[in-house]
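In: Need a 3D model of the following:
(one chain, ligands or ions: 2)
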Amino acid sequence: MRCALCGRKAEVKLVRYGTSVCRSCYPEFFRGRVEKTVERLRMFSKDDPVCVALSGGKDSLSLLHALHLLGYKAKAIFIDLGISGYSEGSRKVCEKLCSDLNVDLHVYELRRERGLTLSEVSRKVRRPPCSICGAVKRQATNRMARELGCTVLATGHNLDDEVAFLFSNLLNWNLNYLARQGPVSEAKFKMVKKVKPLCFLTDEEVRIYAEIVGLEVFEGRCPLEGKAPLHFYKRIWNELEGMRPDVKSSFYKGFLRKLKPLLSVDEGELRSCKICGEPTSRDVCSVCSAFMKV
Ligand code: SF4
Ligand code: ZN
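Out: Numbers count the residues shown, from 1 in each chain. Ligands and ions are numbered 1, 2, ... in the order given. Coordinates of the predicted model:
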């Protein structure tokens with residue numbers, strides 16, 4: 001089989017697109033898909049300053065790499081949660097890519113900002129780390145993007161992530177989460193616009209990109225990770241995809257087209273947290289509540 005782009009021997013079979021490309025053309029193919037999503041869903045333009053939230057994993061690093069090479073004005077942020085054996089390694093690969101690309105990396109250190117690391121606060125308030133972590137990351141990335149003058153915050157969620165969240169929200173009939181799920185969340189009261197430019201690319205497609213362009217990624221797992229069912233859901237969807245290529249994409253796109261428009265978000269009125277000033281639907285945001293109990 002020949003590469004659909006240059007005619008040389010094809011090496012990467014793209015079953016769900018009904019085509020194949022060679023390894024040299026694959027990065028161009030991948031970036032073309034990213035650009036198409038950004039443009040079609042009107043995520044941002046080449047003039048908008050975009051903040052990319054890096055985690056050290058292949059997805060966010062590939063996103064920054066692709067956006068930078070496509071000519072978008074990307075800035076990078078990293079949230080250092082102070083998780084021993086995890087945060088240092090993830091931060092190192094983010095610093096390396098940003099230095100290679102000559103992109104500014106802005107780091108939020110939880111201990112410096114809030115006085116404790118994630119492990120410390122979770123132990124002290126006796127709450128599962130992931131429940132505090134999600135709120136910390138959402139708040140910190142939004143604040144950093146806003147303070148850096150970015151109108152948009154981009155994250156590296158891929159199609160497998162989106163399908164697993166969607167599946168989980170459907171299993172639990174979590175209508176409020178379902179209403180909020182999608183590739184674009186518009187800006188509102190102190191919240192910048194949030195976008196997911198990799199949402200139509202599979203985990204495997206991102207992995208191949210990271211490998212071919214030679215990204216150094218952090219492969220370690222967070223030691224605080226509980227038994228999240230999302231990994232199990234991803235395995236189920238990989239099996240389904242094996243039986244019916246493109247089922248993940250059609251499931252996700254079907255949700256965006258058919259179900260999402262029927263749902264309305266019930267978020268309560270947003271206001272400023274009385275302690276930190278960040279947006280919240282309560283008097284005191286969930287991050288301040290957790291750290292106050294310490
Ligand atoms: Fe945070 Fe939990 Fe992910 Fe660790 S596994 S980084 S604690 S959300
Ligand atoms: Zn607060």
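In: ok, and the residue in the stretch 1-150 of the chain that ligand 2 sits nearest to, which helix or strand is that part of?
Out: Residue nearest to ligand 2 within the stretch 1-150 of the chain (Cβ to the ion): Gln139, separated by 7.5 Å. C-beta here means a position set from N, CA and C on the backbone, and glycine is covered the same way. Under the criterion of DSSP states H and E, Gln139 resides in helix 129-147.
In: And that helix, what does it pack against?
Out: strand 49-54, strand 73-80, strand 105-109, helix 110-114, helix 118-125, strand 152-154, helix 286-292 (3 or more Cβ pairs under 8 Å, 6 or more residues apart in numbering; DSSP states H and E).
In: so what does the fifth one touch, helix or strand wise?
Out: In other words, helix 118-125. Looks like helix 118-125 contacts helix 129-147, helix 286-292 (3+ Cβ pairs under 8 Å, 6+ apart).
In: For Pro128, which non-adjacent residue is closest in space?
Out: Once flanking residues are discounted, Pro128 sits nearest to Gly226: 5.8 Å by Cβ to Cβ, 6 or more residues apart in numbering.
In: surely that neighbour meets Cys130?
Out: Yes. Gly226 lies in contact with Cys130 (Cβ atoms under 8 Å); the separation is 5.9 Å.
In: Which parts of the helix or strand that contains Gly242 count as buried, going by neighbours?
Out: Using DSSP H and E, Gly242 maps to helix 230-243. Judged by neighbour count (16 or more other Cβ atoms under 10 Å), helix 230-243 contains these buried residues: Tyr233, Lys234, Trp237, Glu241.
In: Let me know the closest of the residues you listed to ligand 2.
Out: Using Cβ to the ion, those come closest to ligand 2 at Tyr233, 31.8 Å.
In: For the closest one, give me its contacts.
Out: Val163, Ala164, Phe167, Ser168 (Cβ atoms under 8 Å, 6 or more residues apart in numbering).
In: ok, the host helix or strand of the first one near ligand 1 or not?
Out: If you go by DSSP H and E, Val163 is part of helix 159-171. No. Counting by Cβ under 6 Å from any ligand atom, no contacts exist between helix 159-171 and ligand 1, the nearest distance being 12.3 Å.
In: who does that helix touch, helix- and strand-wise?
Out: Checked by 3+ Cβ pairs under 8 Å, 6+ apart, helix 159-171 has helix 175-180, helix 203-212, helix 230-243, helix 247-254 packed alongside it.
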